[in-house]
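>>> this one's sequence-less:
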């Protein structure tokens with residue numbers, strides 16, 4: 001009689017052990033996956049907080065008008081310079097079509113296009129205007145570096 005109940009108990013005990021082992025493996029897997037997710041997410045967030053430790057204070061703004069031949073000629077230069085990773089460490093770049101700029105061109109006195117200006121991000125004040133007869137990539141890079 002006791003032998004029968006002991007047999008059941010032993011069988012139940014083995015089943016419980018297998019169940020415990022399986023649960024431990026599942027928890028271990030979840031722990032490993034959570035740790036990996038934490039590592040990858042923390043790296044991602046560290047990259048996004050980097051600009052706050054090296055805060056940009058200026059923004060380079062480009063004003064243009066669709067269909068303007070001078071703007072069309074300057075656009076490849078702007079596109080190349082505004083995506084320059086070295087310069088993006090120091091300044092932000094943004095471009096505005098003067099037809100849809102929310103009054104920014106009027107605020108900054110933009111009278112001719114294409115026009116590139118430097119804006120102080122904290123105050124919103126215009127600090128410098130890009131003046132170049134050639135509007136070359138080299139001139140624009142030098143202007144950005146001088147006004148970072």
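Great, that's in hand. From a predicted model like this one, the values you see are computed outputs, not experimental measurements. Numbers count the residues shown, from 1 in each chain.
>>> can we go C-alpha only for contacts and neighbour counts from here?
Will do.
>>> Which helix or strand in this structure has the lowest average pLDDT?
Across the helices and strands of the chain, mean confidence by mean pLDDT, DSSP states H and E is lowest for helix 2-53: a mean of 68.
>>> roughly how far apart are the nearest residue to residue 88 once chain neighbours are set aside and residue 39?
Of all residues not flanking residue 88 in the chain, residue 82 sits nearest, at 7.5 Å (CA to CA, 6 or more residues apart in numbering). In this view, residue 82 and residue 39 are 32 Å apart by CA to CA, to the nearest Å.
>>> the more surrounded of the two?
The residue with more neighbours, out of residue 82 and residue 39, is residue 82; 23 against 11, by other CA atoms under 10 Å.
>>> per-residue pLDDT, the more buried one?
pLDDT, residue 82: 96.
>>> next one: stretch 122-138 to chain centre, how far?
For stretch 122-138, the separation from the chain centroid amounts to 24 Å (computed by CA atoms, centre = their mean, to the nearest Å).
>>> typed the wrong thing, it's stretch 84-99
Using CA atoms, centre = their mean, the offset of stretch 84-99 from its chain centre is 13 Å.
>>> How about residue 115, nearest residue that isn't a chain neighbour?
Closest to residue 115 by CA to CA, 6+ apart is residue 63, at 5.1 Å.
>>> I'd guessed the one you found sits against residue 113; true?
Yes - using CA atoms under 8 Å, residue 63 makes contact with residue 113 at a distance of 6.4 Å.
>>> Good, we can wrap up now.
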